[in-house]
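S.K.: Test case, fold it:
(one chain, ligands or ions: 1)
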Amino acid sequence: MKILRLKKGKEESLDRFHPWVFSGALSDHIPSDLEEGETVGVEAFDGRFIGTGHFQIGSIAVRILDFSRRDIDEGFYATRLREAFAVRQTLSLMRPDNNAFRLVHGEGDFLPGLVVDIYGNTAVMQAHSPGMHFARNIIAKCLVELDGAGIENVYYKSETTLPYKARLDPQNDYLIGSYAGNTAIENGLKFNIDWLKGQKTGFFVDQRDNRSLLEHYSRGRRVLNMFCYTGGFSVYAMRGGAELVHSVDSSEKAITLTDANIALNFPGDARHKSFAEDAFKFLDNMESGAYNLVILDPPAFAKHRSALRNALRGYQKLNFRAMEKLAPGSILFTFSCSQAVSREQFRLAVFSAAAQTGRKVRILHQLTQPADHPVNIYHPEGEYLKGLVLYVE
Ligand code: SAH
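M.R.: As a prediction, this is how the structure comes out:
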């Protein structure tokens, strides 16, 4: 194992177990034959050993896997996966009426660079670092050997998650097993999961708890689900007894997925309609008072810190357009999944939107990601999903 040494004083955050070594923290003596994705040891300036991790070219140079000197081998992955699975068992996410959940949430499960979502007996795995890419076959083997998890197929989907410059040329494909149906069950509702062509691993499992909450507010309401993607919120609103549910997404493919999921659970139910349209255009043309329960769950407006100001303006504009047209006594579920936007910043953007309308607005709930997307306490950046449920007079 090659050793990378830190510059003087650069071990501070690592001593607090933050798992990232930034490239600027490394001394200039990097072994010339060091390959991207290699397992390296990290030492403080004075030679004290800090941890073992995956090396990568970029602003995060090493993702620490363990704060000790150890082999990153099959035993390592098997143990970490067992620990992650034990947490999901504690959360009771494997039930006859629920078989979709996140098994591995990167740093939150002390496996930086790795995401694994479970849909029934299929695991969909994404590598975000070259190190995890090179370990993919070992990880896949450990997944199917994970006692009690019942995983038979492992689909690898990293074509868009790995750094392009690393030229790893990953292929999306089954590492173990093959296609075995794609219907997952979440809280008793059925969803077609398109992990082959869909965004991320095919479904946003991170909104499970928030969809459940929405269901409780849906009875008798006229619901508008903006940025609906697979129609998750729409399906819950239908079960909750909404008077009507309208789903909007700019992507035709998303609308096809939404329609299919509605048909799967509520065949022939005329309460639902979908619109392949731009959200802002839809809001512009929408009649005031048409809806009294609205969901705004847009894609991350800020993928990087540099886009923060524009993103905040985007959230403000979107929330203003929706809020100004809500019927009196409406409920608004509004979200941001941008990691670069803090909870306070998001709240401020929504506050500005409310002030712009001049309406009376109460915060009923402050939402976040569910427990199967845990936040490593030493890595607060892992908290990315923020939501507010508002009552608009
Ligand atoms: N709410 C969804 C996830 C939303 S993902 C869920 O619970 O699963 C974001 C979605 O926004 C994507 O499907 C994308 O196609 C859509 N989208 C992006 N820009 C849009 C725009 N300007 N207008 C409408 N939809 C848009």
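S.K.: Send over stretch 223-241 as CSV, restricted to the C-alpha atoms.
M.R.: The C-alpha trace of stretch 223-241 is given here as CSV (Å, rounded to 0.1, in the frame of the first residue of the first chain):
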residue,chain,number,x,y,z
VAL,A,223,-53.4,17.9,-5.9
LEU,A,224,-50.7,19.2,-8.2
ASN,A,225,-47.5,17.2,-8.3
MET,A,226,-44.8,19.2,-10.0
PHE,A,227,-41.6,17.5,-11.3
CYS,A,228,-43.4,14.2,-10.8
TYR,A,229,-40.8,11.8,-12.4
THR,A,230,-42.2,8.4,-11.6
GLY,A,231,-45.3,9.8,-10.0
GLY,A,232,-44.4,8.7,-6.5
PHE,A,233,-46.3,11.6,-4.7
SER,A,234,-49.2,11.2,-7.1
VAL,A,235,-49.8,7.6,-6.3
TYR,A,236,-49.8,8.3,-2.6
ALA,A,237,-52.2,11.2,-3.1
MET,A,238,-54.6,8.9,-5.0
ARG,A,239,-54.6,6.4,-2.1
GLY,A,240,-55.0,9.3,0.3
GLY,A,241,-58.4,10.1,-1.3
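S.K.: Residue 245 - that's part of a strand, no?
M.R.: Yes. Under DSSP: H, G, I helix; E, B strand; the rest coil, residue 245 falls within a strand.
S.K.: residue contacts, it?
M.R.: Residue 245 sits next to 223, 225, 234, 237, 238, 271, 272, 273 when contact means C-beta atoms under 8 Å, 6 or more residues apart in numbering. Where you see a C-beta, it was placed from the backbone N, CA and C, and this is true even at glycine.
S.K.: Could you list everything it pairs with in the sheet?
M.R.: residue 223, residue 272 (DSSP bridges).
S.K.: gap between it and residue 266?
M.R.: Per C-beta to C-beta, to the nearest Å, residue 245 is found 9 Å from residue 266.
S.K.: Need the overlap of contacts for those two.
M.R.: Common neighbours of residue 245 and residue 266 (C-beta under 8 Å, 6+ apart) are 238, 272.
S.K.: List the contacts of stretch 384-393.
M.R.: By C-beta under 8 Å, 6+ apart, stretch 384-393 touches 206-207, 210, 213, 217, 323, 326, 328-339, 341, 343, 346-347, 350, 354, 359-369, 373.
S.K.: what does stretch 65-74 give?
M.R.: Under the criterion C-beta under 8 Å, 6+ apart, residues 1, 14, 17, 19, 39, 41, 49-54, 76, 110-112, 131, 135, 138, 141-142 lie in contact with stretch 65-74.
S.K.: What residues of that stretch count as buried?
M.R.: Neighbour-count burial for stretch 65-74, counted by 16 or more other C-beta atoms under 10 Å, picks out 65, 67, 72.
S.K.: ok, now stretch 246-266?
M.R.: Those buried within stretch 246-266 under the rule 16+ other C-beta under 10 Å are 246-249, 254-259, 261-262, 265-266.
S.K.: Also stretch 120-134?
M.R.: Quick answer for stretch 120-134 (16+ other C-beta under 10 Å): 120, 122-134.
S.K.: Give me the buried subset of the contacts of stretch 65-74.
M.R.: Buried residues within the contacts of stretch 65-74, counting neighbours by 16+ other C-beta under 10 Å: 14, 19, 39, 41, 50-54, 76, 110-112, 131, 135, 138, 141-142.
S.K.: Sort out for me which of these are in helices.
M.R.: 14, 76, 131, 138, 141, 142 (DSSP state H).
S.K.: Could you export those as TSV, including distance to residue 99?
M.R.: Putting these into TSV (distance: C-beta to C-beta, whole Å) gives the following:
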residue	distance to residue 99
14	38
76	27
131	29
138	25
141	22
142	20
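S.K.: would JSON lines of those with distance to the ligand and pLDDT be doable?
M.R.: Converted to JSON lines, those look like this (distance: C-beta to the nearest ligand atom, whole Å; pLDDT from 0 to 100):
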{"residue": "14", "distance to the ligand": "34", "pLDDT": "98"}
{"residue": "76", "distance to the ligand": "33", "pLDDT": "98"}
{"residue": "131", "distance to the ligand": "28", "pLDDT": "98"}
{"residue": "138", "distance to the ligand": "31", "pLDDT": "98"}
{"residue": "141", "distance to the ligand": "31", "pLDDT": "98"}
{"residue": "142", "distance to the ligand": "28", "pLDDT": "98"}
